[in-house]
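>>> take a look and give me a structure for this.
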Amino acid sequence: MSEIACLLGFDVTEPAELVLQIAVPSPLSETLSVEAVELPGRQHYLRAEPGKLRVEYRATVGPQPAPGPVTKLERIVALRPSRYCPSDRLAGFAARQFGWAGDPATTVRAITDYVHDHLYYTVGSSGPTTDAIDTLLSGAGVCRDYAHLVATLCRSLDIPARVAAVYAPGLSPMDFHLVVETALDGEWRVWDATRLAPRQSLIRIATGRDAADTALATTISGVLTMPEMMVTAVADGNLPIDDHVALVSLGGNVT
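Modelled structure (predicted):
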């Protein structure tokens, strides 16, 4: 059992429309403090008038169902280059760096090890336009940058990869978190090159090609900023020990 929560504080300067992705797929119970229209994928659409907008979400989460087998469509989408994962531009680098690894699982482990060892986790080192190539060249980033680089290198070697936004019990500093899922032997397996939280305790929020698909808040129209954010994710009992080598699946339905 896990208890998760987030608080988002917005300053709205012009009437705005926004979509939130902060709700988990299968909660035992949950509350959302604002009136919103639920969209597919547990997204919530709302309108905000000028002033302060405060959004609070809380949920109790039990064991999550394993994702289904990799479908043909999922595999195709997870092999395509995307905005933050230009895998077509890193094919040569990936082949030279990881071509020795052989089977896909060993290759993914080698890629995850490489990203973990070659990047410094540095808050503020990247921005909303930073893609995986920028991260590779700069050698620094935060969780989304680690995830984008892992996904990009996997796709460059024809290993389907997608990202998942999650609540992460044990994460320090606490925040929303982004990890990678790769298709191995027809199943989705989760990887976290930051190694800042055990994969077994992660709770899925949203799944997509990259951070553009999994953003916690997307402004459709209007002008607003988000100067306040607080995230909580606590699991019952002791957190599992993760060697970041074993094959682990991220629970939660994918829509």
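
>>> low-confidence ranges in this structure?
By pLDDT under 70, the low-scoring segments of the chain are 255.

>>> residues contacting Asp175?
143, 231 (C-beta atoms under 8 Å, 6 or more residues apart in numbering). Using the backbone N, CA and C atoms, a C-beta is placed for each residue, glycine as well.

>>> that one belongs to a helix, doesn't it?
No: with DSSP: H, G, I helix; E, B strand; the rest coil as the criterion, Asp175 is assigned coil and is not in a helix.

>>> check the gap between it and Val190 for me.
Going from Asp175 to Val190 by C-beta to C-beta, to the nearest Å gives 18 Å.

>>> helices of the stretch 101-250 of the chain, residue ranges please.
Shown for the stretch 101-250 of the chain, the helices assigned by DSSP state H, counting those that start in this stretch span residues 104-118, 132-138, 143-156, 211-214.

>>> what's the neighbour count on Val77?
14 (other C-beta atoms under 10 Å).

>>> so what's it closest to, chain neighbours aside?
Computed as C-beta to C-beta, 6 or more residues apart in numbering, the closest residue to Val77 that is not its neighbour in sequence is Arg209, at 6.7 Å.

>>> that neighbour against Ala161, yeah?
No: if you go by C-beta atoms under 8 Å, Arg209 and Ala161 don't touch, sitting 9.1 Å apart.

>>> returning to that earlier point: list the contacts for the residue nearest to Val77?
By C-beta under 8 Å, 6+ apart, the contact set of Arg209 is 77-78, 80, 82-83, 85, 162-163.

>>> just to revisit the earlier point, overlap in contacts of Arg209 and Ala161?
Shared contacts of Arg209 and Ala161, counting by C-beta under 8 Å, 6+ apart, come down to 78, 85.

>>> three-state assignment of the closest residue to Gly51 other than its chain neighbours?
Nearest residue to Gly51, sequence neighbours excluded (C-beta to C-beta, 6+ apart): Val12, at 5.9 Å. What three-state DSSP gives for Val12 is strand.

>>> measure Val12 to Ala95 for me?
48 Å.

>>> what does Arg162 give?
Arg162 is 21 Å from Ala95, by C-beta to C-beta.

>>> quick one: which of these two has more around it?
Ranked by neighbour count (other C-beta under 10 Å), Arg162 and Ala95 place Arg162 first, with 26 against 12.

>>> what residues are bridge-paired with the more buried one?
Listed by DSSP bridges, the beta-bridge partners for Arg162 are Glu181.

>>> distance of the residue nearest to Val77 from Val163?
Arg209 sits at a distance of 7 Å from Val163 (criterion: C-beta to C-beta).

>>> nearest spatial neighbour of Val163, skipping sequence neighbours?
In space, and not counting its chain neighbours, Val163 is closest to Ala147: 5.0 Å by C-beta to C-beta, 6+ apart.

>>> return the residues in contact with the residue lying closest to Met174 once chain neighbours are set aside.
Leaving out its chain neighbours, the residue that sits closest to Met174 by C-beta to C-beta, 6+ apart is Val231, at 5.3 Å. With contact set as C-beta under 8 Å, 6+ apart, Val231 has these partners: 5-7, 167, 174-176.

>>> rerun at 7 Å
Going by C-beta atoms under 7 Å, 6 or more residues apart in numbering, Val231 touches 6, 174-176.

>>> just give me the closest of those residues to Ser201.
Within the contacts of Val231, the smallest distance to Ser201 is 12.9 Å, found for Met174 (C-beta to C-beta).
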